[in-house]
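**Student:** the following comprises the amino acid sequence and a computationally predicted model.
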Amino acid sequence: MAISSEQVCRCWINFNGMNTISTRDSYNVSSISDNGCGDYTISFSSSMSNTSYCAQCTVTYEISGTRRHRMVSIYTYSTGSCRVVSGHSDTHCADHEAVNFSVYGAQ
């Protein structure tokens with residue numbers, strides 16, 4: 001079976017979202033913006049063809065040596081970027097030491 005162009009990852013990034021945000025590694029990402037507590041915009045080097053792409057994001061944080069996960073939502077989709085927000089029920093927002101984001105769809 002042949003793989004179609006929509007079946008491959010079009011964009012991904014692993015970045016530190018705490019304090020001064022910094023990219024660890026990425027593909028097809030031109031920049032990341034810190035919009036506030038737990039709120040990030042990932043801009044694509046090559047835009048997507050529409051806003052019906054699949055975006056996924058995970059975050060991790062650590063409390064007393066134990067890694068935990070928090071809620072992440074895709075806030076806005078645009079062809080040139082995607083905005084994600086994260087938090088939990090206690091503080092409603094939180095920055096994260098490990099943010100992983102990927103996109104699948106047509107370019």
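**Tutor:** Perfect, I can see it now.
**Student:** where in this structure is pLDDT low?
**Tutor:** Applying pLDDT under 70 to the chain picks out residues 1-6, 61-70, 88-91.
**Student:** now the strands: where do they sit in it?
**Tutor:** Secondary structure of the chain by DSSP state E: the strands cover 9-16, 22-27, 29-36, 39-44, 54-63, 66-69, 71-77, 81-87, 98-104.
**Student:** list the buried residues of the second one.
**Tutor:** In other words, strand 22-27. Within strand 22-27, the residues scored as buried using 16 or more other Cβ atoms under 10 Å are residue 26. All C-beta atoms are positioned from the backbone trio N, CA, C, and that covers glycine.
**Student:** output the contacting helices and strands for that strand.
**Tutor:** Packed against strand 22-27 by the contact rule (3 or more Cβ pairs under 8 Å, 6 or more residues apart in numbering; DSSP states H and E) you find strand 9-16.
**Student:** if we use 10 Å, what do you get?
**Tutor:** strand 9-16, strand 29-36, strand 98-104 (3 or more Cβ pairs under 10 Å, 6 or more residues apart in numbering; DSSP states H and E).
**Student:** of those, which is nearest residue 43?
**Tutor:** strand 29-36 (4.7 Å; Cβ to Cβ).
**Student:** done for today, thanks.
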